[in-house]
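*Asks:* What follows is a predicted protein model with its sequence.
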Amino acid sequence: MKFVVDNFSVWIAPEQQISGLESLPRRELNLSWVAPMQRRRLSQFMKMALHCMHEIEGAQTQAINFSSRHGDLFKTSGLLDAICTDDSLSPTAFGLSVHNAALGIFSIFNNNTAPMNAIACGNDSIISALIDSYARLRTQLCEQIMVCHADRALPSEYLCFADQHQVDHCIALALRLAKAGECYFSLEPIDFELTTEPSELLPISIQFAIALYNKTPETILFNNQRAWTLTYHAG
């Protein structure tokens, strides 16, 4: 799978102090383009997704593949808590908790009517989004597509299920096929024996962001199930 990354945006929560994140830029969320009344209703998950998508040039008209392992789990767990305590559910909170809510809000704010897809595939979610995006490019459904992945650290009641470092983060990039003579990235699955404790793993999406940002010649992206080689071909 060969592709070019034309634009790239990454956001990591400033308070995250985890080894391996030092090379990524740290910045404040910028939602100045969203009306204050609308901005107040947005969750942290929604804010970081909208921030990164908006930073991609041409995002207002591009097709988008959005991925997340857990979606806006803080909002979803709040709804579950309300059910358990027989409290009434907020229709607005429910509407904004669905997996494609960030895409829907982004499309409404920008009047973007291009095809959009929301993907959840466990800790392989961003890989699945990249594969689906590449298939769309190869079949000429679009010439360029934006991939956005967002996840937050698990709420405290779910931390017992954590199998990797918990980091509030989002990554967005504009993807297209490589032309002759261009620098490009390639991504290939490989056999790999895990020797790292799963709890010490960075999410694949962050490993991918670090490799993209630094244009690392070759990086093994891995979780506790699978691995891929990401190679940068400098031409």
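*Replies:* Alright, I've got the coordinates. Values in this document were obtained by computation on a predicted structure and should not be read as measured data.
*Asks:* State the three-state secondary structure for the residue lying closest to Phe106 once chain neighbours are set aside.
*Replies:* Spatially, and ignoring its direct neighbours in sequence, Phe106 is nearest to Met53 (5.4 Å; CB to CB, 6 or more residues apart in numbering). (Glycine included, C-beta is placed from N, CA and C.) Under the three-state scheme (DSSP: H, G, I helix; E, B strand; the rest coil), Met53 adopts helix.
*Asks:* burial count for His54?
*Replies:* The number of residues packed near His54 is 19, by other CB atoms under 10 Å.
*Asks:* shouldn't it be in contact with Trp33?
*Replies:* Yes. Between His54 and Trp33 a contact is recorded at 6.2 Å, counting by CB atoms under 8 Å.
*Asks:* any idea how far the residue nearest to the spatial centre of the chain is from Arg39?
*Replies:* Closest residue to the average C-alpha location of the chain: His149 at 0.9 Å, with CA atoms, centre = their mean. Distance from His149 to Arg39, counting by CB to CB, to the nearest Å: 22 Å.
*Asks:* can you check Arg138 too?
*Replies:* 38 Å.
*Asks:* and the lengthiest strand in the chain, which strands flank it?
*Replies:* For the chain, the strand with the greatest residue count under DSSP state E is strand 2-12. Applying DSSP bridges, strand 2-12 is found paired with strand 169-176 (antiparallel), strand 184-190 (antiparallel).
*Asks:* May I see these arranged in TSV, with mean neighbour count as well?
*Replies:* What follows is the strands paired with strand 2-12, written out as TSV (neighbours: other CB atoms under 10 Å):
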stretch	mean neighbour count
strand 169-176	24
strand 184-190	16
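*Asks:* Could I get the CA-only coordinates of the lowest-mean-pLDDT helix or strand in the chain as CSV?
*Replies:* The weakest-scoring helix or strand in the chain, judged by mean pLDDT, DSSP states H and E, is helix 91-95 (a mean of 81). Written as CSV, here are the backbone C-alpha positions of helix 91-95 (Å, rounded to 0.1, in the frame of the first residue of the first chain):
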residue,chain,number,x,y,z
PRO,A,91,-31.5,13.5,23.4
THR,A,92,-28.7,16.0,22.5
ALA,A,93,-26.1,13.9,24.5
PHE,A,94,-27.3,10.7,22.8
GLY,A,95,-27.2,12.3,19.3
